[in-house]
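Trainee: Here you go, sequence then predicted model.
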Amino acid sequence: MSDPMNVLAPEHRRLRIGDAWRDAAGGATFAVEDPATGKTIAEVADAGAVDGLAALDAASKAMAEWAATPPRKRSELLTATYRVLTERSEEVARLITAEMGKPLAEARGEVAYGAEFFRWFAEEAVRVEGRYNTAPAGGYRILTVPRPVGPCVFVTPWNFPLAMGARKIAPALAAGCTTITKPAAQTPLTMLFLARIMEEAGVPPGVVNVVTTRRAGEVVSALLADRRTRKLSFTGSTEVGRVLLRQAADNVLRTSMELGGNAALIVCADADLDVALDGAMVAKMRNLGESCIAANRIYVEEPVREEFTARFAERMGALSVGHGLDDGVDVGALIDEASVTKLDELVADAVDRGARVLVGGERPDGPGHFYPPTVLVDVPDDARMLEAEIFGPVAPIISFTSDDEVIAKANDTEHGLAGYVFTRDLQRALRFAEGLETGMLGINRGLISDPSAPFGGVKQSGIGKEGSHEGILEYLDVTYVAIDLP
Ligand code: NAP
């Protein structure tokens with residue numbers, strides 16, 4: 001098999017600013033590693049504040065012309081991006097696996113998911129509407145005019161190097177906004193590749209800028225302090241989200257915040273257990289558990305606890321761990337050493353407090369950042385893993401005996417991103433839907449991400465929605481025009 005890096009020529013491992021691919025001022029670079037081997041796979045430009053502001057110059061300069069570009073034309077450019085991503089899916093997937101560690105099958109899934117945002121928002125681009133109506137008292141008319149917000153700054157995480165950028169860039173471009181994306185330092189290559197294919201697709205210079213950096217704080221704060229920036233969309237941890245919200249307050253920026261989660265997955269005694277097992281495997285293990293909507297706590301009603309636990313542990317134990325590019329691998333490398341150490345500590349803490357490990361629980365020797373699929377039972381309520389984001393292939397199982405009890409426990413967290421319920425009782429499902437404090441809920445489903453559905457959290461999991469029709473509204477302001485007409 002060819003080197004996954006072949007898809008991104010060395011001249012495109014630099015900053016994408018305006019019509020140029022350029023080095024960082026001063027020429028600094030940083031290394032990108034394959035998390036499965038710890039080996040350097042590429043060097044990319046390490047931008048400073050001055051480079052970030054150069055990208056903002058380019059985005060500001062391109063703004064008026066892009067906003068005035070006919071929606072149909074913007075739509076066609078998004079469709080062209082969708083096509084290239086789809087045609088080159090295998091190359092993009094291999095690049096994602098190389099820098100992020102997930103198995104190739106997961107990376108292919110991410111490319112399909114990420115590409116779909118371009119198709120969806122190509123369709124939305126031509127459906128932006130205002131309205132015209134008579135004021136209730138008569139005498140004048142009310143006209144509403146949607147307008148692009150302006151240049152947007154995007155900060156994205158490493159866990160979905162393509163999709164988390166795609167679900168910001170696609171609606172922004174559809175609405176007529178220009179963009180500057182700062183991808184995570186651990187996974188900058190996929191975003192550079194996306195910028196390259198959007199250049200090839202004919203997206204005008206300055207509309208899609210990408211600034212890679214190891215100095216996120218310096219670059220992003222300079223961008224947020226500049227009044228030409230009109231919007232921040234961030235996906236990442238709640239902790240960093242709070243810092244950026246404070247910075248965004250100074251210029252009263254529009255913000256969309258996609259932050260951390262602590263999803264409860266609830267299996268009721270009346271559930272179809274085959275469906276619940278399939279759902280739990282997806283909700284826990286999609287993306288190795290390195291997902292904001294991963295099932296972080298699995299609550300199983302007492303009468304089915306034993307059977308569910310035994311079957312779930314068997315399936316978790318049968319997963320194969322290895323390099324994401326190797327055939328037959330289900331669980332690839334975690335992003336870094338800190339993630340492995342965190343899992344080790346969370347498991348040790350739960351065991352200290354009385355939990356039992358049924359499967360996994362010990363990190364393997366050797367290079368790379370691996371952790372085996374792990375199932376714990378008898379996890380007490382005060383175990384740290386029930387409050388922290390596990391972000392890895394570790395599944396704590398807790399039993400419950402009443403719906404009120406499990407709803408109270410599920411809601412006892414600062415987060416409110418996603419949840420999952422398995423039951424065949426419609427009324428029970430609806431009571432959970434009304435009782436659980438989450439932005440998203442899967443009923444008898446472990447997979448809920450869909451570009452045509454509004455993705456986002458409540459409480460400290462975020463503000464705003466990505467995907468669906470709501471997704472484009474995040475990039476539009478509305479001007480109200482009063483027209484005198486007696
Ligand atoms: P993170 O540490 O918050 O980093 C996210 C992004 O913020 C990265 O690009 C990072 O750059 C940047 N960043 C860090 N500190 C910054 C600062 N002081 N100023 C400006 N930018 C800063 O999160 P992560 O570890 O990459 O991703 C995992 C988190 O993302 C989890 O909490 C997960 O739940 C969340 N997430 C949420 C969603 C959602 O839709 N709700 C989706 C995916 C992930 P560096 O890479 O240089 O540190």
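Mentor: Great, that's in hand. Residues are numbered from 1 along each chain as shown.
Trainee: low-confidence ranges in the protein?
Mentor: Scanning the chain for pLDDT under 70 picks out 1.
Trainee: State which helix of it is the longest.
Mentor: Assignment by DSSP state H gives helix 104-125 as the longest helix of the chain.
Trainee: any residue of that helix up close to the ligand?
Mentor: No - for helix 104-125, no contact with the ligand is found by CB under 6 Å from any ligand atom; the gap never falls below 11.4 Å. In this view, the C-beta of every residue, glycine as well, is placed from N, C-alpha and C.
Trainee: Provide the contact partners of the helix or strand following that helix at residue level.
Mentor: Downstream of helix 104-125, the first helix or strand assigned by DSSP states H and E is strand 132-134. Outside of strand 132-134, the residues within contact range by CB atoms under 8 Å, 6 or more residues apart in numbering are 141, 142, 143, 144.
Trainee: Check stretch 228-237 too.
Mentor: Stretch 228-237 is touched from outside by 56, 59-60, 149-157, 164, 168, 172, 177, 184, 223-224, 240-241, 244, 248, 251, 253-260, 292, 389, 464, 474-475, with contacts defined as CB under 8 Å, 6+ apart.
Trainee: run the last query once more with 6 Å
Mentor: 56, 60, 149-157, 164, 168, 223, 241, 244, 248, 253-258, 260 (CB atoms under 6 Å, 6 or more residues apart in numbering).
Trainee: Just give me the residue closest to the centre of the chain.
Mentor: By CA atoms, centre = their mean, the chain has its centre lying nearest to residue 164, at 4.2 Å.
Trainee: returning to what we had before: using a markdown table, lay out the contacts of strand 132-134 together with secondary structure and distance to the ligand.
Mentor: Listed next are the contacts of strand 132-134 as a markdown table, based on DSSP: H, G, I helix; E, B strand; the rest coil; distance: CB to the nearest ligand atom, whole Å:
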| residue | secondary structure | distance to the ligand |
| --- | --- | --- |
| 141 | strand | 40 |
| 142 | strand | 35 |
| 143 | strand | 35 |
| 144 | strand | 29 |
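Trainee: quick revisit: sec struct for the residue nearest to the centre of the chain, please.
Mentor: Assigned with DSSP: H, G, I helix; E, B strand; the rest coil, residue 164 falls in the helix class.
Trainee: separation between it and the ligand?
Mentor: Distance of residue 164 to the ligand, given as CB to the nearest ligand atom, to the nearest Å: 6 Å.
Trainee: Indicate the residue of the stretch 1-150 of the chain located nearest to the ligand.
Mentor: Distances between the stretch 1-150 of the chain and the ligand by CB to the nearest ligand atom are smallest at residue 30, namely 9.6 Å.
Trainee: other SSEs contacting the helix or strand containing that residue?
Mentor: Assigned by DSSP H and E, residue 30 falls within strand 29-33. In terms of contacts (3 or more CB pairs under 6 Å, 6 or more residues apart in numbering; DSSP states H and E), strand 29-33 is packed against strand 40-45.
Trainee: Just checking: what are the partner strands of the strand it packs on?
Mentor: Strand 40-45 has its sheet partners listed here by DSSP bridges as strand 29-33 (antiparallel).
Trainee: circling back to that earlier point, tabulate the contacts of strand 132-134 (CSV), appending neighbour count.
Mentor: Output for those, formatted as CSV (neighbours: other CB atoms under 10 Å):
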residue, neighbour count
141, 14
142, 15
143, 14
144, 13
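Trainee: Closest one to residue 306 out of those residues, please.
Mentor: Among those, residue 144 lies closest to residue 306 (CB to CB), at 58.2 Å.
Trainee: Which strand residues bridge the closest one?
Mentor: Bridge pairing for residue 144 - DSSP bridges - gives residue 480.
Trainee: ok, it touching residue 476?
Mentor: No - using CB atoms under 6 Å, residue 144 is not in contact with residue 476; the gap is 10.5 Å.
Trainee: got the buried residues for stretch 307-316?
Mentor: Buried residues in stretch 307-316, defined by neighbour count with 16 or more other CB atoms under 10 Å: 308, 309, 311, 312, 313, 315, 316.
Trainee: I'd like the distance from that stretch to the chain centre, please.
Mentor: Taking CA atoms, centre = their mean, to the nearest Å, one finds the center of stretch 307-316 at 28 Å from the center of the full chain.
Trainee: How about stretch 22-37?
Mentor: On CA atoms, centre = their mean, the centre of stretch 22-37 falls 23 Å from that of its chain.
Trainee: The helix or strand where residue 241 lies packs against which elements?
Mentor: Assigned by DSSP H and E, residue 241 falls within helix 238-250. With contacts defined as 3+ CB pairs under 6 Å, 6+ apart, the packing partners of helix 238-250 are helix 216-225, strand 231-235.
Trainee: mind running it again at 10 Å?
Mentor: Other helices and strands packing on helix 238-250, by 3 or more CB pairs under 10 Å, 6 or more residues apart in numbering; DSSP states H and E, are strand 152-155, helix 216-225, strand 231-235, strand 254-258, strand 462-463.
Trainee: chain center to the last one: distance?
Mentor: Strand 462-463 has its C-alpha centroid displaced from the chain centroid by 13 Å (CA atoms, centre = their mean).
Trainee: List the contacts of the spatially closest residue to residue 53 that is not a sequence neighbour.
Mentor: Spatial nearest neighbour of residue 53, excluding adjacent residues (CB to CB, 6 or more residues apart in numbering): residue 222 at 5.8 Å. By CB atoms under 10 Å, 6 or more residues apart in numbering, residue 222 lies in contact with 48, 49, 50, 51, 52, 53, 56, 215, 229.
Trainee: I'd like these written out as CSV, with distance to residue 329 added.
Mentor: CSV is the format used below for the contacts of residue 222 (distance: CB to CB, whole Å):
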residue, distance to residue 329
48, 38
49, 40
50, 42
51, 37
52, 37
53, 42
56, 41
215, 34
229, 41
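Trainee: just the buried members of those residues?
Mentor: Taking 16+ other CB under 10 Å as the criterion, what is buried in the contacts of residue 222 is 48, 49, 51, 52, 53, 56, 215, 229.
Trainee: can I assume the third one is in contact with residue 23?
Mentor: Yes - in this structure residue 51 lies within contact range of residue 23 using CB atoms under 10 Å: 9.0 Å.
Trainee: contacts for the helix holding residue 241?
Mentor: Contacts to helix 238-250, defined as CB under 10 Å, 6+ apart, come from residues 153, 155, 157, 216-217, 220-221, 223-225, 227, 229, 231-232, 234-237, 253-255, 257-262, 292, 389, 414-415, 417, 457, 459-463.
Trainee: which parts of the stretch 251-400 of the chain sit against the ligand?
Mentor: Neighbours of the ligand within the stretch 251-400 of the chain, by CB under 6 Å from any ligand atom: 258, 259, 260, 261, 292, 389.
Trainee: Nearest spatial neighbour of the fourth one, chain-adjacent residues omitted?
Mentor: Which is residue 261. Nearest one to residue 261, counting by CB to CB, 6+ apart, is residue 417 at 3.2 Å.
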